[in-house]
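Undergrad: Sequence first, predicted model second:
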Amino acid sequence: MTTLGLALMGTGRMADVYGPKINAHPGLRLEVIYNPRITSAQKATDKFGGRPMDDLDAVLADPKIDAVVIATPTDTHVEYIEHVARSGKPIYCEKPLDQSLDRVDRAVAALRDHPVPFMLGFNRRFDPDNAALRDAVARGEIGRVNMLMSWSREPSPPPIAYVRSSGGYFIDATIHDIDLLCWIAGERPVEVMATGSCMFDDQIGAEGDYDMTMTMLKMPSGALVHINNSRACAYGFDQRLEAFGDDGMVQTLNHRDDNLVRWDKASTVARQPLKNFFLERYDQSFYSALDEFHQAVTTDRAPSVTVQDGRDALAISLACSQSAKSGKSVSPSWE
């Protein structure tokens with residue numbers, strides 16, 4: 001197996017996700033952790049290994065660095081993509097590309113001018129259950145697709161400081177569902193309708209954002225897509241998909257530590273609680289996404305999640321935000 005030496009950019013929550021996954025992959029080697037604050041880089045290397053560096057040009061000039069994983073705050077992604085693309089290094093970047101289509105178009109242009117392998121981290125495509133549902137739909141098991149539905153409910157609202165910089169619920173969270181369901185459907189919506197409310201955290205409402213949303217996408221085929229999001233859920237991290245077609249239906253179910261159903265004299269059903277958060281529910285998907293990146297780079301093929309996928313998902317998310325604010329249906333901007 002060909003081994004890639006990686007530079008991990010960033011030392012926050014997503015770096016904490018990717019550090020262990022890089023170390024667990026036999027074809028990846030963590031060479032460097034980059035942060036412009038060397039003390040932060042040092043703390044991260046104390047946990048995950050590699051060398052701390054605070055000079056990006058020096059990182060990209062290092063012959064031991066074969067590719068870069070960008071796990072920095074969203075508002076830094078475009079500048080880092082431009083910089084890394086000019087160096088000729090392959091790039092894996094956390095989603096979203098940015099909160100602005102104009103800035104995303106800068107990343108698209110940089111990758112057009114410097115065509116390095118690029119993969120966007122929509123990790124939920126690589127969840128085994130989600131991928132199996134998509135494969136079943138693609139094989140025609142349910143015939144023509146009529147409806148796609150997703151439930152994505154988080155256990156509790158994030159800190160208000162995070163909400164303020166998130167770009168809004170549709171861009172921060174619904175974008176995952178949008179990308180996943182458009183990927184399953186194999187088409188982009190011609191119209192979106194969305195609405196939101198604030199039921200759990202008044203501070204989120206005071207910021208002009210929502211903690212509960214419903215979204216509908218109308219596809220060119222006529223299929224309808226429904227996305228149900230909530231920032232609070234009393235029983236854990238609720239993650240389900242359903243595809244309904246002419247010939248049947250396929251679903252994914254929530255994950256638990258075990259899925260045994262127990263029957264006895266005292267109770268009819270007793271099950272373990274749901275996985276608590278995305279870090280537990282989608283743990284395997286992050287490893288599988290990095291594996292896809294490794295295979296693409298080492299076999300000289302294009303990664304399966306492209307910069308255009310990221311642009312499309314953002315355009316739809318922005319249309320959802322506009323729809324929720326205006327109370328009207330909106331057609332996404334593809335230009």
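TA: On my side now, so go ahead. Numbers count the residues shown, from 1 in each chain.
Undergrad: Leu314: neighbouring residues, count only.
TA: Counted with other C-beta atoms under 10 Å, residues neighbouring Leu314 total 26. Heads up, the C-betas are built off the backbone N, CA and C, glycines and all.
Undergrad: Please apply the same query to Asp257.
TA: Asp257: 11 neighbours (other C-beta under 10 Å).
Undergrad: what's the spacing between it and Arg124?
TA: Distance, Asp257 to Arg124, using C-beta to C-beta, to the nearest Å: 20 Å.
Undergrad: Run through the residues that contact the closest residue to Ala223 other than its chain neighbours.
TA: Spatial nearest neighbour of Ala223, chain neighbours left out: Val145 (5.0 Å); criterion: C-beta to C-beta, 6 or more residues apart in numbering. Taking C-beta atoms under 8 Å, 6 or more residues apart in numbering, we find Val145 in contact with 137, 185, 221, 223, 243-245.
Undergrad: Kindly state the beta-bridge partners for Val145.
TA: As for beta bridges, Val145 partners with Gly245 under DSSP bridges.
Undergrad: pLDDT score for it?
TA: pLDDT recorded at Val145 is 98.
Undergrad: ok, now Thr45?
TA: Listed pLDDT for Thr45 reads 97.
Undergrad: where exactly do the helices run in the stretch 151-300 of the chain?
TA: Applying DSSP state H, counting those that start in this stretch to the stretch 151-300 of the chain gives helices spanning 160-165, 169, 175-185, 202-206, 278-281, 283-298.
Undergrad: what's the least confident stretch among those helices?
TA: Among the helices of the stretch 151-300 of the chain, helix 278-281 scores lowest, at a mean of 69.
Undergrad: so which of the helices of the stretch 151-300 of the chain gets nearest Lys21?
TA: helix 283-298 (4.7 Å; C-beta to C-beta).
Undergrad: picking that back up, can you turn the buried subset of the contacts of Val145 into a selection I can paste into PyMOL?
TA: Here is the PyMOL command that selects the buried residues among the contacts of Val145 (16 or more other C-beta atoms under 10 Å):
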select buried, resi 137+185+223+243+244+245
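Undergrad: could you dump the contacts of Val145 to CSV with distance to Ser326?
TA: Shown next, in CSV, are the contacts of Val145 (distance: C-beta to C-beta, whole Å):
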residue, distance to Ser326
Val137, 32
Ala185, 25
Ser221, 26
Ala223, 24
Ala243, 30
Phe244, 29
Gly245, 32
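Undergrad: quick check, nearest of the contacts of Val145 to Tyr210?
TA: Comparing the contacts of Val145 against Tyr210 with C-beta to C-beta picks out Ala185 as the nearest, at 24.3 Å.
Undergrad: Which residues are in contact with Ser304?
TA: So Ser304 contacts 119, 125, 292, 296 (C-beta under 8 Å, 6+ apart).
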